[in-house]
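Enquirer: model the following, please.
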Amino acid sequence: MTAILALMGLSTLTQAQTDTAGATADKQQSVGLVKEAMAKNQASLKQYTWTETTKISLKGEVKKTEQNQCQYGPDGKVQKTPIQDAAGSQPAQQDSGGGGRRGGALKKEIVEKKVDELKDYMQQVQALVRDYVPPDRQKIQAAQTAGNVSVAPSGGTADLTIKNYEKQGDSVALGFDTTAKKIRSYNVNSYLDNPKDDPVTLAVTFASLPDGTNYAQQTVLNAPAKNIQVTTTNSDYKKLGQ
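Expert: Residues are numbered from 1 along each chain as shown. Here you go, the predicted model:
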């Protein structure tokens, strides 16, 4: 009887080890597919130029709009050329009287002052966005090596959860279409200096160009500590030289 129980225990252990090995192989395959698709897609994006429109909202009101013409440079980083300076996207209100004009100018001045006061904060926020968008396959690999990646297959989609992607304590949720080999969803929970005082969330919506190239169509960043929302929309994609 003892021998039978021992054999049963050994069989259970062997099965558990087999299941664990299978799960590890599936996770490695899923992560490998994501990284391969990202590399191919990034190469395709480097053939394009596009328009980036960024709207900065404070307490639900758009305070500033910026537009840049973008393309990838030789170093693999996105190069941006300003199209226009729309620092006062909330226009000053005017009426037929001189007092109205003065009041409108004062209001515009107050708006611009608020934007300037948040300038340093916004620079930090925008730098944080660049740390996460577009997703970086090397950072995903580093997280996988550290054991910080979990994969949940779900009917043609692999949902990756990545911990400590860029900062200790952050998390990235990446939805990957295993059939189309494209990222479908990408959500980030991060922070600036302190996860409790400066939480930041990112939600990225993806779309595809006619040749199948995937791109981040819209990124919405929320920084609740400052009542700030930054919405970045990418559009008007054109192949270089056309």
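
Enquirer: which SSE is immediately downstream of the helix or strand of the chain with the lowest mean pLDDT?
Expert: Least confident helix or strand, the chain: helix 98-117 with a mean of 64, by mean pLDDT, DSSP states H and E. Next helix or strand after helix 98-117 toward the C-terminus (DSSP states H and E): helix 119-132.

Enquirer: which pLDDT value goes with the residue lying closest to Ile228 once chain neighbours are set aside?
Expert: With sequence-adjacent residues excluded and distances taken as CB to CB, 6 or more residues apart in numbering, Ile228 is closest to Leu58, at 6.0 Å. (Glycine included, C-beta is placed from N, CA and C.) We have a pLDDT of 88 for Leu58.

Enquirer: now Gln69
Expert: 96.

Enquirer: burial of it, as a residue count?
Expert: 14 (other CB atoms under 10 Å).

Enquirer: wait, isn't it in contact with Thr53?
Expert: No - in this structure, Gln69 is not within contact of Thr53 by CB atoms under 8 Å, at 10.9 Å.

Enquirer: helix or strand: which one has Ser44?
Expert: Residue-wise, Ser44 maps onto helix 2-45 under DSSP H and E.

Enquirer: need the contact partners of the next helix or strand after that helix.
Expert: Counting by DSSP H and E, the next helix or strand C-terminal to helix 2-45 is strand 48-58. With contacts defined as CB atoms under 8 Å, 6 or more residues apart in numbering, strand 48-58 is touched by 62-71, 80, 83, 89, 114-115, 118, 122, 209, 213, 215, 226-240.

Enquirer: show me the residues you listed that map onto strands.
Expert: 62-71, 80, 83, 215, 228-239 (DSSP state E).

Enquirer: restricted to buried residues, select the residues you listed in ChimeraX.
Expert: Per 16 or more other CB atoms under 10 Å, the buried members of those correspond to this ChimeraX selection:
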select :63,64,65,66,67,68,70,71,215,228,229,230,231,232,233,234,237
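
Enquirer: show the pLDDT at the closest residue to Ile56 other than its chain neighbours.
Expert: In space, Ile56 comes closest to Lys64 once its chain neighbours are excluded; the distance is 4.4 Å by CB to CB, 6+ apart. Per-residue confidence at Lys64 stands at 86 (pLDDT).

Enquirer: Lys64 and Asn214: what is the separation?
Expert: Using CB to CB, to the nearest Å, Lys64 is found at 29 Å from Asn214.

Enquirer: and Leu192, by the same measure?
Expert: 28 Å.

Enquirer: and those two? which has more neighbours close in?
Expert: Using other CB under 10 Å, the more surrounded residue of Leu192 and Asn214 is Asn214, with 23 against 18.

Enquirer: I'd assumed Val204 was in contact with that one.
Expert: No - contact criterion CB under 8 Å: Asn214 and Val204 do not qualify, at 11.0 Å.

Enquirer: OK, contacts around the most centrally placed residue in the chain?
Expert: Nearest to the mean C-alpha position of the chain, by CA atoms, centre = their mean, lies Val133 at 4.0 Å. The neighbours of Val133, taking CB under 8 Å, 6+ apart as the test, are Tyr186, Leu202, Val204, Ala216, Thr219.
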